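[1] here is the input, now give the coordinates:
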Amino acid sequence: MTLRQLWDLVMTSRPFLYALLVVNGLGTIYGYIWYGSQLAITPPIFYVFVPDSPTASLFFTIAIIGWLRGTHYKWMEALGFITLIKYGVWAVAMNGLTLLEVGSIGWMGWMLVVSHGLMAVQALLYWKQYAFGLVPIVGAAVWTLHNDVIDYLFDQMPIYHRIMQYQNEIGYFTFWLSIVSIGLAFWNWKWRERKQLREV
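    Below is the predicted model:
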């Protein structure tokens, strides 16, 4: 057995998946609590669109439940893959911009950098595990881009007080981050299709 095969075996083992389920589940709950102050001033019609990162980890948590049950919740996999990458990278970038702007982000900022960076990493680590096709990708793309509209046209983006003056630039960056994340999902789908053809 090669090191890569051993790695894949560990990553897809039930104990590891259960551990990942717990970590993502707790992170999701904490994330929704984190957004409590913003949700308190959010019109109810926008509630579902405001807590971006915990919703992304919720999608992935449900996808893990599917894997543990021996099935694939393809829509959750597509939504989890795209949004974990998008919001994981987004939060790292926003904290990086805050660091450049004010010179410090404190331990909480660094915690966000690490936790959100790992969100994006875990989505990519399960590259071979997904089973979503084109329709779930399109649905997840609509959700993701619609969320950008809500965030930046209706001013519901996550609040980073010290960099809000860059909202237009952040919105532009976020749009292209969405496109890249959607493109990676499409690449994953085509890669799996080509791999299946080679194995026939």
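
[2] and the helix or strand hosting Ser53, how far from the chain's centre?
    Using DSSP states H and E, Ser53 maps to helix 52-68. Computed by CA atoms, centre = their mean, to the nearest Å, the separation of helix 52-68 from the middle of its chain amounts to 9 Å.

[3] got a list of contacts for that helix?
    With CB atoms under 8 Å, 6 or more residues apart in numbering as the test, helix 52-68 has contacts from 12, 14, 17-18, 20-21, 24-25, 27-32, 34-35, 48, 72-73, 76-77, 79-81, 83-84, 86-88, 90-91, 116, 119, 122-123, 129, 147, 151, 158. Heads up, the C-betas are built off the backbone N, CA and C, glycines and all.

[4] quick check, Gln129 in contact with Thr12.
    Yes. Counting by CB atoms under 8 Å, Gln129 touches Thr12, with 6.6 Å between them.

[5] between those two, which is the more surrounded one?
    Gln129 (18 against 13; other CB atoms under 10 Å).

[6] distance of that one from Ile62?
    Gln129 sits at a distance of 14 Å from Ile62 (criterion: CB to CB, to the nearest Å).

[7] buried set for the longest helix along the chain?
    Taking DSSP state H as the criterion, the chain has its longest helix at helix 167-199. By neighbour count on 16 or more other CB atoms under 10 Å, the buried set for helix 167-199 is 170, 173-175, 177-178, 181-182, 184-185, 188-189, 192.

[8] check stretch 96-103 too.
    Leu97, Thr98, Leu99.

[9] same question, stretch 135-150
    By 16+ other CB under 10 Å, the buried positions in stretch 135-150 come out as Pro136, Ile137, Ala140, Ala141, Trp143, Thr144, Asn147, Asp148, Ile150.

[10] hey, where'd the strands end up in the protein?
    With strands called from DSSP state E, the chain shows none.

[11] least confident secondary structure element in it?
    helix 3-11 (a mean of 84; mean pLDDT, DSSP states H and E).

[12] distance from the chain centre to that helix, please.
    23 Å.

[13] same check on stretch 163-173?
    How far stretch 163-173 lies from its chain's middle: 20 Å, per CA atoms, centre = their mean.

[14] just the angle for the longest helix of the chain relative to helix 52-68, thanks.
    Interaxial angle of helix 167-199 relative to helix 52-68 (axes from the mean of the first three to the mean of the last three CA atoms, to 10 degrees): 20 degrees.
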